[in-house]
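Peer 1: Just need the structure, nothing else, for what follows:
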Amino acid sequence: MKTLKSLLLCLSLVFLASCDNDDSNSEKAKFAVPVIKSLSEIRNSVSVVAAKQTNSDGKIYVAQNYLFYIAQEEGVHVYNNQNPASPSNIAFINIDGVHDISVKGNYLFADNFVDLLVFDISNINNITLVKTVENSLYFNPIYPSDALYYDYTQNPAEDEIITGFTIEMRNVPDEQYAILSSDASSGFESSPLSGANGIGVGGSYAKFQINNNALYTVNTYKLNVFNITDPVNAYFDKEIYMNGWFGGGELETLFIQKETLFVGSTTGMFTVNAEDEFNPYFVSGFSHATACDPVVVFGNTAYITVRGGTSCGAIEDQINVIDVTDIASPTLISTTFVGQPYGLGIKDSALYVCCGTNGLKVYDASNSSNLLLENTYIENLKDVIPLDSHLIAVGNNKIIQYNYGPDFTLIPISEITF
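Peer 2: This next block holds a predicted model:
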């Protein structure tokens, strides 16, 4: 540890020296500058306020008659969705570091960078924070891919974390002192760990899932297990290091069916036995080349969208259909190529796939070995939740709700725009 601190100090001094030598004619480059916040500032900012608008990208979650819009690193917007044709924006839970939520009964669970928060929502007009499980989660700020250098002079204190990055144009340091982003783009995990029953439904990009009295959350390489038997006294139970199971892939999404967890990662889909809710263990996996992929399951069939290109990988965009009758030996049934696939959902024989600017595509999935494209709706959407009553889709600054029509059609019933 002393050696590491000495190295960082030396790098900082070198960087400062190069910055002091200001030459307006020097070549400029993009530097990633960490945004640092204190934990006390983050925790003190949690509040419940009146309904407000948002312009932040996010996820959707449904519980009872409520629709929750999780605006990334901003907060949770609460809608009364008893009448999907006229959803009502009723409250906003201000959470600076929120990315995912889950609901069980009268309690909502949310992340706040490195903390797990528990809210009592029994009175939706008086939502209250009842528990903070501090320093129980990992947070990985997204490193800007276009930054060539990293500002090593900005380091968080013991009670601070890096919550993100800004880009600044600065003089390029001497070549011998260059610190490229490829050397700095890992290791930003903040704050290591210090220690049908009212459960709602999230989209295919969910990273929170509830199994009886256990709440599972996933970060880059680990599955975190929380005991929520008594939500007011929820506590961190254990972490399970999963990187060795999945061949180095980064964990991205969680889907649960009965007592099996299906984990989407950058290297494939993996199954986890969760019969013992507090001691889940790896069973098997289906691997592919590196790509981004959420997974949903219906019966004995799993559906994965695999999106390659950019930071996701090099594999061609596609939908994989997997037979998971034997979770110890998942097998590929079919592959359907489609451009720009993101989130997806399955209801009966209809598979809904969000393809960004390529539209919302509806497939007849009655024959798993041959998906048939039935309809395309020209909307820029990223994820869906197919409820028994209707379908909810989320895209850039919008939520659209649809009724199910005949012959795999969808009928818009309302739209929320931000």
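Peer 1: State the mean pLDDT of stretch 350-370.
Peer 2: The pLDDT scores in stretch 350-370 average 96.
Peer 1: Then stretch 164-176?
Peer 2: For stretch 164-176, the mean confidence score works out to 80.
Peer 1: What residues sit buried inside it?
Peer 2: For stretch 164-176, the neighbour count (16 or more other C-beta atoms under 10 Å) marks 164-165, 170-171, 173 as buried. Where you see a C-beta, it was placed from the backbone N, CA and C, and this is true even at glycine.
Peer 1: And these, which is closest to Phe92?
Peer 2: Nearest to Phe92 out of those is Gly164 (C-beta to C-beta; 21.0 Å).
Peer 1: Paired strands for the helix or strand harbouring the closest one, with orientation please.
Peer 2: Using DSSP states H and E, Gly164 sits within strand 160-171. Note on strand 160-171: by DSSP bridges, its sheet partners are strand 28-38 (antiparallel).
Peer 1: Give me the contacts around the very next helix or strand once past the partner strand.
Peer 2: Next along the chain after strand 28-38, taking DSSP H and E as the criterion, comes helix 39-44. Residues outside helix 39-44 that contact it (C-beta atoms under 8 Å, 6 or more residues apart in numbering): 96-97, 112-115, 132, 134, 159-161, 163, 191.
Peer 1: pLDDT score for Ile142?
Peer 2: Listed pLDDT for Ile142 reads 84.
Peer 1: now swap in Phe270 and tell me
Peer 2: Note on Phe270: pLDDT of 84.
Peer 1: just checking, what packs against the helix or strand where it lies?
Peer 2: Counting by DSSP H and E, the element that carries Phe270 is strand 268-273. Counting contacts by 3 or more C-beta pairs under 8 Å, 6 or more residues apart in numbering; DSSP states H and E, strand 268-273 is packed against strand 260-265, strand 281-287.
Peer 1: Worst mean pLDDT among the ones you listed?
Peer 2: The bottom spot among those, by mean pLDDT, belongs to strand 281-287, with a mean of 84.
Peer 1: Quick one, which of the contacts of helix 39-44 are buried?
Peer 2: Neighbour-count burial within these applies to 96-97, 112-115, 134, 160-161, 163, 191; the criterion is 16+ other C-beta under 10 Å.
Peer 1: I'd like these laid out as a markdown table, including distance to Asp407 and secondary structure.
Peer 2: Converted to a markdown table, these look like this (distance: C-beta to C-beta, whole Å; DSSP: H, G, I helix; E, B strand; the rest coil):
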| residue | distance to Asp407 | secondary structure |
| --- | --- | --- |
| Asp96 | 46 | coil |
| Gly97 | 44 | coil |
| Asn112 | 45 | strand |
| Phe113 | 46 | coil |
| Val114 | 48 | coil |
| Asp115 | 48 | strand |
| Glu134 | 52 | coil |
| Glu160 | 56 | strand |
| Ile161 | 51 | strand |
| Thr163 | 48 | strand |
| Ser191 | 51 | coil |
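Peer 1: how about the residues you listed, which pair is most distant?
Peer 2: Maximum distance among these (C-beta to C-beta): 16.0 Å, for Glu134 and Thr163.
Peer 1: Please report how far Leu159 lies from Ile36.
Peer 2: To be clear, residue 159 is Asp; Leu isn't right here. 11 Å (C-beta to C-beta, to the nearest Å).
Peer 1: for Asn126, same thing?
Peer 2: Relative to Ile36, and taking C-beta to C-beta, Asn126 is found at 34 Å.
Peer 1: Give the residue from these two that has the larger number of neighbours.
Peer 2: Set Asn126 next to Ile36 and count neighbours by other C-beta atoms under 10 Å: Ile36 wins out with 15 against 10.
Peer 1: Touching, the more buried one and Ile161? I think so.
Peer 2: Yes: between Ile36 and Ile161 there is a contact at 7.2 Å, judged by C-beta atoms under 8 Å.
Peer 1: Mutual contacts of these two, please.
Peer 2: By C-beta under 8 Å, 6+ apart, Ile36 and Ile161 have no common neighbours.
Peer 1: my guess is Asp151 meets Pro34, correct?
Peer 2: Yes: counting by C-beta under 8 Å, Asp151 does reach Pro34; the two are 6.8 Å apart.
Peer 1: where does the stretch 101-250 of the chain dip in pLDDT?
Peer 2: 174-197, 243-249 (pLDDT under 70).
Peer 1: Nearest to Cys355 among the buried residues of stretch 164-176?
Peer 2: Once C-beta to C-beta is applied, the member of the buried residues of stretch 164-176 that ends up nearest Cys355 is Gly164, at 28.3 Å.
Peer 1: wait, what's in contact with the closest one?
Peer 2: 34-35, 73, 141-142.
Peer 1: Using neighbour counts, trim those to the buried set.
Peer 2: Buried among those (16+ other C-beta under 10 Å): 34, 73, 141.
Peer 1: So the second one: helix, strand or coil?
Peer 2: It refers to Glu73. coil (DSSP: H, G, I helix; E, B strand; the rest coil).
Peer 1: What residue, apart from its backbone neighbours, is nearest it spatially?
Peer 2: Spatial nearest neighbour of Glu73, chain neighbours left out: Gly97 (5.9 Å); criterion: C-beta to C-beta, 6 or more residues apart in numbering.
Peer 1: ok, Leu261 touching Pro280?
Peer 2: Yes: between Leu261 and Pro280 there is a contact under C-beta under 8 Å: 6.2 Å.
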